[in-house]
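Chemist: Next one to model:
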Amino acid sequence: MSHVIGNFLSSTGFAALTWQAVLMLVISVVLIYLAIDKGFEPLLLLPIGFGMLLTNLPLAGLMEAGVDKLTIIDSNKASGVISVVNELQQPGGLLGYFFKGDELGIFPPLIFMGVGAMTDFGPLIADPKSLILGAAAQFGIFFTFMGAILLGFNGQEASSIAIIGGADGPTSIYLTGQLAPHMLGQVAVAAYSYMALVPIIQPPIMKALTTKNERVIKMPQMRKVSKKEKIIFPILVTLLVSLTLPDAAPLIGMLMFGNLMKESLVVDRLTKTAQNELMNIITILLGLSVGASASAEQFLNLATLKIMLLGLIAFAIGTATGVLMAKLMNLFLKDENKINPLIGSAGVSAVPMAARVSNVVGQEADPSNFLLMNAMGPNVSGVIGSAVAAGVLLTLFG
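Modeler: Purely as a prediction, here's the structure:
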């Protein structure tokens, strides 16, 4: 009887617990706490945190890859024909199969389609100069690329780390899956963590770089954008970007296809599916698989610390350059057309979190100042900008 009990106890996860696994379990619980109790982007942090918890359960094997066995059943040397049967010798873990959607670049374009179906590019069309703010916020990506090179990462790895600065999880996953798949877990967790922490990271930078007078600048109401303009825009952007940077076509194409469905008003069922059911399903699968990629073996090392630090620097610089570009543009604008520099920080790709932060910080200075719609221009241009930046890096290092 004691032998049976001993065997049972040795087969439990408790017997296989290590301090590394315990630390990762604690981190996962902290992420879940932040999502539930503090409300920090729960749609992202809750599945990521729980995926991290699941993958660090000893002996559960939820991220195990399946093992295939190739069996040669007929070999004809004369004809050179070999018949092979591919048999699944050992099934993989559930989350391991979910992770295939990240590795193969399936989930990120689908997320982009859902984002496109929910995005109104009207503020960008009405105020094209906000495209400059979105472009300026991508500077953090290329600055951090150089920093990563200096720290010993190769071009592919540096590109994957730098793209975190765009605050765009799907783009980070897509680019890293293409260039540095061995870093996918670390980059994905860093990108989504910083996306979720936008309301904490950005305000101190925004306030440090602006004066009280700048924060209370009221921007004029935007003009009404016609349906024709909204339909032409996604088609035109797809053509221009994809012909210039073919590697950006999967992300830009799906983003603009989702937006075209929304603006055409003729495929309401498809639009609602992309906005709701499909988006929710992919968000669950993506969040769980991203969290599950953060196992103790892969996550607790010096490289992860470098990635997290460089990613934070990239994000901070992107926020700062967006604000500074707005201040620079104001030097050449008439008083009635001045830009509130706070909307420059929305040039990162975290939609609509970054735009909401611009609005909140603006209302702290003047409760009657509503910057949300003005901030959406740089914000949606940041989505395009991060995809373009990914296309540039793929073209150079892919």
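Chemist: Three-state assignment for Q298, please.
Modeler: Secondary structure for Q298, judged by DSSP: H, G, I helix; E, B strand; the rest coil, is helix.
Chemist: That one is in contact with G185, isn't it?
Modeler: Yes: with contact defined as CB atoms under 8 Å, Q298 reaches G185; the gap is 5.3 Å. For glycine as for every other residue, the C-beta is placed from the backbone atoms N, C-alpha and C.
Chemist: Settle it for me: which of these two has more neighbours?
Modeler: The residue with more neighbours, out of Q298 and G185, is G185; 26 against 19, by other CB atoms under 10 Å.
Chemist: how near is that one to L45?
Modeler: Per CB to CB, to the nearest Å, G185 is found 16 Å from L45.
Chemist: L251: helix or strand, and which one exactly?
Modeler: L251 is part of helix 249-264, with elements assigned from DSSP states H and E.
Chemist: Return the set of buried residues in that helix.
Modeler: Buried residues in helix 249-264, counted by 16 or more other CB atoms under 10 Å: 249-263.
Chemist: Show me what it is packed up against.
Modeler: helix 107-118, helix 169-179, helix 227-244, helix 268-275, helix 372-397 (3 or more CB pairs under 8 Å, 6 or more residues apart in numbering; DSSP states H and E).
Chemist: just the ones you listed: most buried one?
Modeler: Across these, the average number of neighbours (mean count of other CB atoms under 10 Å) peaks for helix 169-179, which reaches a mean of 28.
Chemist: for it, packing partners?
Modeler: On a contact count with 3+ CB pairs under 8 Å, 6+ apart, helix 169-179 meets helix 94-103, helix 107-118, helix 155-162, helix 184-196, helix 249-264, helix 277-292, helix 372-397.
Chemist: shaky segments in this protein?
Modeler: 1, 3, 6, 9-10, 66-90 (pLDDT under 70).
Chemist: Would you check how far apart the residue nearest to the spatial centre of the chain and I282 are?
Modeler: Nearest to the mean C-alpha position of the chain, by CA atoms, centre = their mean, lies G169 at 0.9 Å. Counting by CB to CB, the separation of G169 from I282 is 12 Å.
Chemist: for V187, same thing?
Modeler: 19 Å.
Chemist: Name the residue in the two with the higher neighbour count.
Modeler: V187 (30 against 21).
Chemist: who's in contact with the closest residue to that one other than its chain neighbours?
Modeler: Spatial nearest neighbour of V187, excluding adjacent residues (CB to CB, 6 or more residues apart in numbering): T176 at 4.6 Å. Taking CB atoms under 8 Å, 6 or more residues apart in numbering, we find T176 in contact with 160, 163, 183-184, 187-188.
Chemist: Of those residues - the most surrounded one?
Modeler: S160 leads these on contacts (other CB under 10 Å) with 33 neighbours.
Chemist: where does that residue sit relative to F99, distance-wise?
Modeler: Per CB to CB, S160 is found 16 Å from F99.
Chemist: Give me the common contacts of G169 and I282.
Modeler: I111.
Chemist: Identify the residues contacting the closest residue to S242 other than its chain neighbours.
Modeler: When the adjacent residues along the chain are set aside, S242 lies closest to A249, with 4.1 Å between them (CB to CB, 6+ apart). Contacts for A249 (CB under 8 Å, 6+ apart) come out as 238, 241-242, 391.
Chemist: out of the buried residues of helix 249-264, who's nearest A65?
Modeler: P250 (24.5 Å; CB to CB).
Chemist: Quick check: that closest one touching P109?
Modeler: Yes: if you go by CB under 8 Å, P250 and P109 touch, sitting 4.8 Å apart.
Chemist: Overlap in contacts, the two.
Modeler: Shared contacts of P250 and P109 (CB under 8 Å, 6+ apart): Y174.
Chemist: and the gap between A316 and Q202?
Modeler: To Q202, A316 is 9 Å away according to CB to CB.
Chemist: what about the two, which has more around it?
Modeler: Higher neighbour count among A316 and Q202: Q202, with 29 against 18, using other CB under 10 Å.
Chemist: Could you measure from that one over to G318?
Modeler: Counting by CB to CB - Q202 and G318 are separated by 10 Å.
Chemist: What's the first helix or strand after the longest helix that the chain contains?
Modeler: Using DSSP state H, we find that the single longest helix of the chain is helix 302-330. Remark: after helix 302-330, the chain's next helix or strand is helix 353-365, criterion DSSP H and E.
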